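# predicted model follows, preceded by the sequence.
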Amino acid sequence: MEPIKIIEGRTAVLPYTNIDTDQIIPARFLRTTVRAGLGQQLFSDWRYDAAGQPKAEFPLNQPAAAGCQVLVAGRNFGCGSSREHAPWALLDYGFRAVISTEIADIFRSNSLKNGLLPIVVDEANAQWLLDHPGAPVQIDLERNLVTMPEGRTTSFQIERFARYCLLNGVDQLGHLLQQSPAIARYEAAHGLRPA
Amino acid sequence: MKTLFQKIWERHEVVPETVDTPAVLYIDLHLVHEVTSPQAFTMLREQNLKVRRPELTLATMDHSTPTRTEQVFGGAPITIDSAARQIAELERNCTATGVELLNLRSDLRGIVHIVGPELGLTQPGKTAVCGDSHTSTHGAFGALAFGIGTTEVAHVLATQCLLQRKPKTFAINVGNSLPAGVSAKDLILAIIGRIGVNGGTGHVLEYRGAAIRALDMDQRMTVCNMSIEAGARAGLIAPDEVTYTFLRGRARAPQGAAWERAVADWRTLPGDAGAGFDCEVTLDGAAIEPMITYGTHPGMVMPISGAIPTLRDDPVFDKALKYMGLHAGAPIREQPINVVFIGSCTNGRLSDLRSAAMLLRGRKVAPGVQLLVVPGSQQVKKAAEAEGLDRIFIDAGGEWRESGCSMCIGMNGDNVGAGQYSVSTSNRNFEGRQGQGSRTLLASPATAAASAVRGKVTDPRELLNG
Ligand code: SF4
C-alpha cells in the first residue's frame, strides 16, 4: 500500500444520517469474486433511475462533484453490513476520505485496511462541511488535522496502529504474521497441535 | 470483578493491547461463506500463505444460493451466472486449502449463523468471527462473536488471529417477562428503538435480566442477531442451563468426559456480581408489545398498535417515509401488504416456523399476497417437515423452499418488487434491501403470519385470541 500523508481535494456532500452499506453498494453487486471495478455501482440505487440513467438531483451526479476526493455525510455513516465492498467501491470511484460525526465500527475498520480515511469531526465543523459542498479541504494525517477554507481547522483521531500503517504504507497482515511465535505459544498452551 | 466480556477477551489475548498496538486476539471459530471470502482467499494466494487452522474454519453457502429445489438438487441450472461462479469459487478455495465446506447439496448446509449453533460449534467462552455482520448471533451462547471485513477474513485464515482494540461494554437489562404473543423479535426491536441504530457503536452489548433468562436459545439468538442493528459488533448472553441443554449431544459439541469439563469451565464465565459496565439501560419486558418498523432503518420502529411518529424539520425522516409511502401520524395496522417473508438468520429456526405455522394452520393467505417461507438450514427444513409444518404453509397458499438467506438480502433472485410492501422476519429494512424499490416492514414470525392471513399489517394477538 502507498503511504498516505496528506489528502487534498474538494468535498461532495450527502446530507443524510445513517447511510448504510446497502446504499453504498447494493447487495446484488456483491456477486463478484474480485475487488476491482465497484466504483460504477457506488450508490447505484440513488445515482441511477430505473432505466439506468443518472438522476440529475443526486449530489454525485452534479458537475461540481466531478473529481471530488472527500465525501462528507451525516451521522453514523457506513452502518449495517460488514461488506468490504463498500470502501472498495468508494475508493474505486475516487474518494480517499469520508468525514462524518460518527462512522460505524466495521466500515471504519474496513476503510482503514484499504487506505480510505474515516474522519470523525465535531458537530459544528461537520455542519459547516455539510453546508459547503465542494469546499476544498486538506486532511493531514501526520498532524491529525483537517483544514477548511476561512482558516477553519479541526483535529481528528485515528487508531494509532492503523494510522502508523497508513503513514508508512505498511500492511497490517505483515504485523500479524510477525506475531507467529506468540501465536504458536498460545496454541501450544491451549492444547492445539503445531500449525 | 470482571464481566463476561472481559473474561472471554482475556482468555484470547495472544498479545495484550498497548498504546501503540491493538491486541492480538485468538479466534476459536471462523465461519466462511461464498460472498465475503473469495477476495480473502485471493489475498492469501497473492502472498503465498496457507490457511493456518483449517480445522477451526467451516464454510457454508447461503447468500447467493438458490432456494428452488430443482436448482439446488439438480434438474434446473442456477439462473444467475455470477452466483453460480461464487459457489464454484468457494468449492475450489475450500478444496485447495482443506477447509471443510457444507456444499450446496449437503444436508448440514444453511445460513452460516444457524449452522454454527446447530452443529454445536458455537460454544460459551469461544471467540467466533465471520465475514458477516450478523455473526453477533453466536453471542447468545456467551461466545464473543462479531462480523469482520474481507481483509480481516484473510487475516484470520492466515494467522487465526485478529488485531483488535478492546471495545466498551453496555448492559441491556430487561426485567419481568414478555407478555403472551410478544416474542424475542419484538424485544430486540424495542431495544433498538430505545438505544437507536448507533446506540451500541464501539460497545459489546450484554443482555441481562429475568426476561432474557426466560428465553430459549432460538429466541436468545434472535436477540443477539440484531445487536449490529444497534451499531454493536457483538451482543452477549451469559450461558446457563438453557445453553448447556441446547448444546448437549450436538455433533460438534464436546462429548463424554470432555463435556463435563467444558460445562464446569463454562459455569465460571458469567460476569461477577458487581462487575461494572461502561453504559447501561433498563427496560421492562412486561411493557413490550408486538413491534414493527415503518422506516428505512431498524431504529424506525413502533408498537404495532401505535401511530407513525411525527418529526418536524427532519428531511431524512421525511425522505424515509416518502420512500416507504407511509404518513406521519397514521396507524400502521391495516396497511395493505404484498409479500410476507418468513426466514433469515434472525427468525429462520424451527421455533420461528412453529410460531408462524400456529397462526397459519387451517387458514389461507389473503388473495394477492405472496408468502415465502425459507428455513434457515437444511436441518431446520427436515425437522419442520417431520412435524408437518411445510404442509401447513403450502395448504395456506405459501411457498416452501430450500434453506438460505433468500429474500432477506435478495441476492439469489428471491426479491420483493419495486414499491411493494413486505412484512419480513429478517433484520434490515434499508432501502432496496429485499430488491430495488422494496419496502420492508420488519416484524416477528407471528406478526408476519397474521399479516399474511389478513393481507394487511395485523397484530398477531387478534388471531391468537380469536
Ligand atoms: S439471512 Fe440475511 S442477515 Fe442473515 S446472514 Fe443471510 S443475508 Fe445476512
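Looks like it came in fine.

# quick check: B:F341 vs B:A211, distance?
27 Å (Cβ to Cβ, to the nearest Å). Heads up, the C-betas are built off the backbone N, CA and C, glycines and all.

# look at the two and report which has more neighbours.
Neighbour count, other Cβ atoms under 10 Å in any protein chain shown: between B:F341 and B:A211, B:F341 has more, with 27 against 23.

# bridged to the more buried one, which residues?
B:L372, B:S424 (DSSP bridges).

# ok, it touching B:S426?
Yes: here B:F341 reaches B:S426: they are 6.6 Å apart, a contact under Cβ atoms under 8 Å.

# need the overlap of contacts for these two.
Jointly contacting B:F341 and B:S426 under the rule Cβ atoms under 8 Å, 6 or more residues apart in numbering or on different chains are B:M407, B:C408, B:Q434.

# packing partners for the biggest strand by length in chain A?
Taking DSSP state E as the assignment, the strand of chain A that covers the most residues is strand A:6-14. Applying 3 or more Cβ pairs under 8 Å, 6 or more residues apart in numbering or on different chains; DSSP states H and E, we find strand A:6-14 packed against strand A:70-73, helix A:123-131, strand A:136-140.

# partners of that strand in the sheet?
Next to strand A:6-14 in the sheet, as set by DSSP bridges, lie strand A:70-73 (parallel), strand A:136-140 (antiparallel).

# okay, buried residues for that strand please.
Residues of strand A:6-14 classed as buried: A:I7, A:G9, A:R10, A:T11, A:A12, A:V13, A:L14 (neighbour count, 16 or more other Cβ atoms under 10 Å in any protein chain shown).

# show me what from the stretch 101-250 of chain B comes close to the ligand.
B:I111, B:H113, B:D132, B:H134 (Cβ under 6 Å from any ligand atom).

# partner residues bridging the closest residue to the third one other than its chain neighbours?
This points to B:D132. With Cβ to Cβ, 6 or more residues apart in numbering or on different chains as the criterion, B:D132 has its nearest non-adjacent residue at 5.3 Å, and that residue is B:G147. Assessed by DSSP bridges, B:G147 has beta-bridge partners B:C130.

# tell me who's in contact with the nearest residue to B:L389 once chain neighbours are set aside.
Excluding the flanking residues, the one nearest B:L389 by Cβ to Cβ, 6+ apart is B:A357, at 4.6 Å. Taking Cβ under 8 Å, 6+ apart, we find B:A357 in contact with B:L389, B:I392, B:F393, B:A449.

# give me the phi and psi for B:A357.
Main-chain torsions, B:A357, degrees, to the nearest 10: phi -60, psi -30.

# which one among the buried residues of strand A:6-14 gets closest to the ligand?
A:L14 (24.5 Å; Cβ to the nearest ligand atom).

# from B:R391, how far out is that closest one?
Taking Cβ to Cβ as the measure, A:L14 falls 49 Å from B:R391.

# which residue does chain A bring closest to the ligand?
Relative to the ligand, the nearest point of chain A is A:S81 (7.3 Å; Cβ to the nearest ligand atom).

# contacting residues for that residue?
Shown in contact with A:S81 (Cβ under 8 Å, 6+ apart): A:D20, A:T21, A:D22, A:A27, B:D132, B:S133, B:R428.

# farthest-separated two in those residues?
A:D20 and B:D132 (14.9 Å; Cβ to Cβ).

# those two: who's more crowded?
B:D132 (28 against 22).

# wait, that one touches B:V115, no?
No: B:D132 lies out of contact with B:V115 (Cβ under 8 Å); the separation is 12.0 Å.

# joint contacts of these two?
By Cβ under 8 Å, 6+ apart, B:D132 and B:V115 have these common neighbours: B:L31.

# before we move on, back to that, any chance of the strands paired with strand A:6-14 in TSV, plus mean neighbour count and mean pLDDT?
Below are the strands paired with strand A:6-14 laid out as TSV (neighbours: other Cβ atoms under 10 Å in any protein chain shown; pLDDT from 0 to 100):
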stretch	mean neighbour count	mean pLDDT
strand A:70-73	26	98
strand A:136-140	18	98
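
# closest one to B:R361 among these?
With Cβ to Cβ as the measure, strand A:70-73 is the member of the strands paired with strand A:6-14 nearest B:R361 (47.5 Å).
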